[in-house]
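Enquirer: Kindly generate the corresponding structure for this input.
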Amino acid sequence: MTNTPLLQATSVSKIYPGEQGSGIKETDITIQRGKITAIIGESGSGKSTLLKLLYGLLSPDTGVVKFRGDRIWGPEEKLIPGHDSMKMVTQQTDDLNLYAKVWENIAIMLPHTDLKGKQEKTEKIMHQLKMHHMADKQIASLSGGEKQRVAIARAIIVKPEVLLLDEPFNQVDTSFREGLQQDIRQIVKDTGLTVIIVSHDPAEVLSMADELVVLKEGRILESGEPKALYQHPQHLYTAKLLTNCTVLSNADANTIGLKTKAEHVVIYPEWVETTKSWTRKDWEVKQVLFKGCYEDLLLDNKGITLRVLNDQFGKYAEGDKIHLKLNKWLEY
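Expert: Below you'll find the model as predicted:
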């Protein structure tokens, strides 16, 4: 039994009626125990549907979902949908008591039979998620991101084996998002919690996940470790999901000097180097976009636009002519 997967879907399908035929189509997935798995894909690719199938909020049209080798019951078979060993957090925080304090909203998830243990566990989870300063605040006074943090704390405090997160950081301010992601990673490391996250933000999944699963039109296109998938995506679709890259047609690639027979060429902004040249200055700076710790340069050459990352602030201005060196590109 030790080799039995913690959570596994085999040939699952869930198709919604309509011209688009959205949903999940004959999908197999095995979730790694004690890891963070991120499911990514375009809007409508089936991310949330797959998450709900894994949790038991939806019943598959075909196939089966199993937890520790036992089939997960769907909403037609279970009075309160969702597997008892899992917890799910969505963008919605409607189940919070708006007029109770943060502490009370978290502590209420535990039974009253052991009051000392209840207090200790609430203290611990608030410490892990850095929430002590919020303890006496009413939920109604919190920002959307703070409410999301409370929802995650309520889910984790009951010690589920699997935590499912559906776009959990949408309402969390950028300044707090990274800290919350790090806190969840630390909890995974400390407790062995298994996390499945659906996200549309590549920055989230690349820094947080141990495994990426790429969905396209209801099917898994590819999967792998984030760094490997980012550097060597097998499909154009994945490259476009993970970075704000430049995609050139075969004709455009040849026009700027890339001799290739591939239909498409992908260039990441960080793979382009601006170099000095007295004679060749083929590219004109059309826009300089400030991004905080770096700039995006939008360059033009014969009507072809290329995005380049620049960390030397003020070096280039609109209208400057420069020479480029391409260190790497992908062909599809």
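Enquirer: what distance separates the longest helix belonging to the chain from the centre of its chain?
Expert: Longest helix of the chain, by residue count under DSSP state H: helix 174-191. Relative to the chain's own centre, helix 174-191 is displaced by 13 Å; criterion: CA atoms, centre = their mean, to the nearest Å.
Enquirer: Tell me the buried residues in it?
Expert: Under the neighbour-count criterion of 16 or more other CB atoms under 10 Å, helix 174-191 has F176, R177, L180, Q181, D183, I184, R185, I187, V188 buried. For the C-beta atoms, the positions are set from N, CA and C on the backbone; glycine is no exception.
Enquirer: can you list those residues in CSV and add pLDDT and distance to E123?
Expert: Supplementary listing: the buried residues of helix 174-191 in CSV, determined by pLDDT from 0 to 100; distance: CB to CB, whole Å:
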residue, pLDDT, distance to E123
F176, 77, 21
R177, 83, 24
L180, 86, 19
Q181, 89, 22
D183, 91, 15
I184, 92, 18
R185, 93, 21
I187, 93, 15
V188, 95, 20
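Enquirer: biggest separation within the residues you listed, which pair?
Expert: F176 and V188 (18.7 Å; CB to CB).
Enquirer: about what we covered before: and the following helix or strand past the longest helix of the chain with helix 174-191, angle?
Expert: Next in sequence after helix 174-191, counting helices and strands by DSSP states H and E, comes strand 194-198. Between the direction of strand 194-198 and that of helix 174-191, the angle (axes from the mean of the first three to the mean of the last three CA atoms, to 10 degrees) works out to 150 degrees.
Enquirer: Dump strand 194-198 to PDB, restricted to CA.
Expert: What follows is strand 194-198 as a C-alpha-only set of coordinates in PDB (Å, rounded to 0.1, in the frame of the first residue of the first chain):
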ATOM      1  CA  THR A 194       0.200  18.400  -0.200                       C
ATOM      2  CA  VAL A 195      -0.900  21.500  -2.100                       C
ATOM      3  CA  ILE A 196      -2.600  21.900  -5.400                       C
ATOM      4  CA  ILE A 197      -2.900  25.400  -6.800                       C
ATOM      5  CA  VAL A 198      -4.600  26.800  -9.900                       C
END
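Enquirer: quick one, helices of this structure?
Expert: Under the criterion DSSP H, the chain carries helices at the ranges 47-55, 102-107, 115-128, 144-157, 174-191, 202-208, 226-231, 236-242, 250-255.
Enquirer: which helices and strands does the first one pack with?
Expert: Helices and strands touching helix 47-55, as assessed by 3 or more CB pairs under 8 Å, 6 or more residues apart in numbering; DSSP states H and E, comprise strand 7-15, strand 23-31, strand 36-41, strand 86-89, strand 162-166, strand 194-198.
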